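**Q** Here is my input, please return the structure:
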Amino acid sequence: MVEFSCQALAYITGAPMKEIRKLNWKEASDQFMAALQADPWLLVLDGLERVLVAYHRPEAAAMNDAAVDEAGDEMADRDPRAAIRREDDDLLRLLTKAGPSLILISSRLTPHILVNKADKYIPGVSWIELGGLTPEDAAVMLIADSIETRDRPAMQQWLQDTCGGHPLMVGALAGVVADHPPAPGDFDEWVKDPKGGAAVDFASLDLVQRRSHIVSAALE
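**A** Got it, this is the predicted structure:
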């Protein structure tokens with residue numbers, strides 16, 4: 001995050017990086033905030049959970065959604081939602097006061113510095129939950145990948161029940177159906193095939209298990 005702020009400051013101001021790197025953390029953060037408050041900028045920080053303690057582990061890149069909330073702390077007794085480097089927490093707190101600039105963050109975990117002791121978002125922070133694709137959009141995504149169906153409402157319902165609208169799952173599923181030997185690209189045939197969609201009783205599985213089955217099939 002400190003490196004990011006230096007790179008962003010150089011981009012916004014046009015100052016050479018070699019000059020910005022001469023600044024200490026306080027000087028760099030002050031200038032960065034001043035630049036954001038002077039003009040409206042939009043900064044997008046995607047996958048911010050990677051700077052948090054919960055992901056400070058060798059297997060972090062392979063962690064799935066189900067493991068995130070149970071992630072333990074490998075850094076003594078620190079909050080898993082704290083930033084690995086304390087300067088990053090300080091910068092995140094500063095960014096809540098960056099108006100008129102806006103900071104768009106995507107993260108599986110909410111950084112603890114952005115909430116108060118009651119776990120409520122502090123002033124300057126708004127939260128929007130990103131749900132999955134609608135059944136209609138999930139079907140459009142499959143059809144755009146040349147997957148065919150003669151019963152689009154049934155496809156939409158299956159995608160909702162099985163994938164929960166998760167776009168990566170829908171994308172993986174498109175590959176599985178496209179490579180289904182008896183009828184490549186035919187969703188209806190794949191769903192009823194004992195070696196395809198009917199291979200597992202999805203009704204007996206929770207959403208995480210369903211996703212795991214689809215991913216396993218895609219990897220195979």
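**Q** For stretch 145-153, which outside residues touch it?
**A** Stretch 145-153 is touched from outside by Ala139, Leu142, Ile143, Met155, Gly171, Ala174, Val177, Ala178, Gly185, Asp186, Phe187, Asp188, with contacts defined as C-beta atoms under 8 Å, 6 or more residues apart in numbering. Backbone N, C-alpha and C define where each C-beta goes, glycine included.
**Q** pLDDT score assigned to the fifth one?
**A** The predicted local distance difference test score for Gly171 is 87.
**Q** can you pull the contacts of the spatially closest residue to it that is not a sequence neighbour?
**A** Once flanking residues are discounted, Gly171 sits nearest to Met141: 7.2 Å by C-beta to C-beta, 6 or more residues apart in numbering. Met141 makes contacts with Leu133, Pro167, Val170, Gly171, Ala174, as judged by C-beta under 8 Å, 6+ apart.
**Q** Check those residues for burial and list the buried ones.
**A** Taking 16 or more other C-beta atoms under 10 Å as the criterion, what is buried in those is Leu133, Val170, Ala174.
**Q** Let me have the residues you listed in a markdown table, adding distance to Tyr55 and secondary structure as columns.
**A** Output for the buried ones among the contacts of Met141, formatted as a markdown table (distance: C-beta to C-beta, whole Å; DSSP: H, G, I helix; E, B strand; the rest coil):
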| residue | distance to Tyr55 | secondary structure |
| --- | --- | --- |
| Leu133 | 25 | coil |
| Val170 | 25 | helix |
| Ala174 | 29 | helix |
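**Q** could you pull out the strands for this structure?
**A** 42-45, 102-105 (DSSP state E).
**Q** Go through those strands and pick out the most buried.
**A** strand 102-105 (a mean of 15; mean count of other C-beta atoms under 10 Å).
**Q** from the chain's centre, how far out does that one sit?
**A** Relative to its parent chain, strand 102-105 has a centroid offset of 14 Å by C-alpha atoms, centre = their mean, to the nearest Å.
**Q** same question, stretch 16-35
**A** On C-alpha atoms, centre = their mean, the centre of stretch 16-35 falls 29 Å from the chain's centre.
**Q** and of the buried ones among the contacts of Met141, the nearest to Pro100?
**A** Among the buried ones among the contacts of Met141, Leu133 lies closest to Pro100 (C-beta to C-beta), at 32.4 Å.
**Q** Quick check: the closest one vs Lys26, distance?
**A** Between Leu133 and Lys26 the distance, using C-beta to C-beta, to the nearest Å, works out to 44 Å.
**Q** One more: Glu19?
**A** Taking C-beta to C-beta, one finds Glu19 at 16 Å from Lys26.
**Q** Then Pro80?
**A** On the measure of C-beta to C-beta, Pro80 and Lys26 end up 27 Å apart.
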